[in-house]
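J.: Okay, sequence plus prediction incoming.
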Amino acid sequence: MQTEIIISGFGGQGALFAGQLLSYSALDNGLQVTWIPSYGPEMRGGTAHCTVIISDDEIGSPVIRNPKAALVMNLPSLDKYEPLVETGGVLVVNTSLVDRNPTREDITVILVPANEIAEELGEKRLANLVMLGALLEHLDALSVEDVGASLGVHIPEHRRNLLEGNLKALERGASLASSEAISD
């Protein structure tokens, strides 16, 4: 089993952190993983994305052409990555910042108002984990519980106060993705 994922958004939205967390979780569960971050020169507001490959066997190349899944946190990311998701794959879209619906009908589309949910949880920086929870609900590679356990181990000490909120965000995203009508 090999799963390729792209996570993309503006700098400061936590796209790289979500990918890094997936990578730690894969390692913690004895899987092979690659994580390649990419970002513009801006600290916040520029583009940021990462590619994550999770596999139970050696990974031949860290390059992704047609990912099984894409998590897009803004409109430029949707425009760029929607056409690349493999047929039968998963596209998770942050409807808080994306003002159009995806057009593909050969993939599973999960629409998540991630910013609104994060604000309901009391911390706008949790939108990335709301999105990640929704994605995990539709991938076989890792579970929300796997990622939550890794978060508890790998969260930096100066962010420990956000642990409970991050776990709630993962669960809310997964819950939303399992209960909402999803287009295939």
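T.: Received the coordinates, thanks.
J.: wait, residue 113 sits on residue 97?
T.: No: using C-beta atoms under 8 Å as the test, residue 113 is too far from residue 97 to be in contact (9.6 Å). Heads up, the C-betas are built off the backbone N, CA and C, glycines and all.
J.: And the strands in the protein, which stretches?
T.: Counting by DSSP state E, the chain has strands at residues 2-10, 32-39, 47-55, 69-72, 90-94, 108-112.
J.: so where's the protein uncertain?
T.: 41-45, 180-184 (pLDDT under 70).
J.: Show me the longest helix that occurs in it.
T.: The helix that spans the most residues within the chain, counting by DSSP state H, is helix 163-179.
J.: That one packs against which elements?
T.: strand 108-112, helix 114-120, helix 127-136, helix 144-154 (3 or more C-beta pairs under 8 Å, 6 or more residues apart in numbering; DSSP states H and E).
J.: try 6 Å
T.: Packed against helix 163-179, as judged by 3 or more C-beta pairs under 6 Å, 6 or more residues apart in numbering; DSSP states H and E, are the following elements: helix 127-136, helix 144-154.
J.: Can you list the neighbours in contact with it?
T.: Outside helix 163-179, the residues within contact range by C-beta atoms under 6 Å, 6 or more residues apart in numbering are 110, 117, 121, 123, 126, 129-130, 133-134, 136-137, 144, 148, 151, 155.
J.: need the contact list for residue 97.
T.: Contacts of residue 97 by C-beta under 6 Å, 6+ apart are residue 74.
J.: distance of it from residue 166?
T.: According to C-beta to C-beta, to the nearest Å, residue 97 stands 20 Å off from residue 166.
J.: Contact partners for residue 89?
T.: 68, 69, 107.
J.: Quickly name whichever of those is closest to residue 83.
T.: residue 107 (10.3 Å; C-beta to C-beta).
J.: Find the nearest non-adjacent residue to the residue nearest the centre of the chain, please.
T.: In the chain, the residue lying closest to the centroid (C-alpha atoms, centre = their mean) is residue 132, at 3.9 Å. The spatially closest residue to residue 132, leaving aside those adjacent along the chain, is residue 18, at 4.8 Å (C-beta to C-beta, 6 or more residues apart in numbering).
J.: CA atoms only: put stretch 173-181 into PDB for me.
T.: Written as PDB, here are the backbone C-alpha positions of stretch 173-181 (Å, rounded to 0.1, in the frame of the first residue of the first chain):
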ATOM      1  CA  GLY A 173     -13.100  17.000  10.900                       C
ATOM      2  CA  ALA A 174     -13.400  13.200  10.900                       C
ATOM      3  CA  SER A 175     -16.900  13.400  12.300                       C
ATOM      4  CA  LEU A 176     -18.000  15.900   9.600                       C
ATOM      5  CA  ALA A 177     -16.500  13.900   6.800                       C
ATOM      6  CA  SER A 178     -18.200  10.700   7.900                       C
ATOM      7  CA  SER A 179     -21.600  12.300   8.400                       C
ATOM      8  CA  GLU A 180     -21.900  14.800   5.500                       C
ATOM      9  CA  ALA A 181     -23.100  13.900   2.000                       C
END
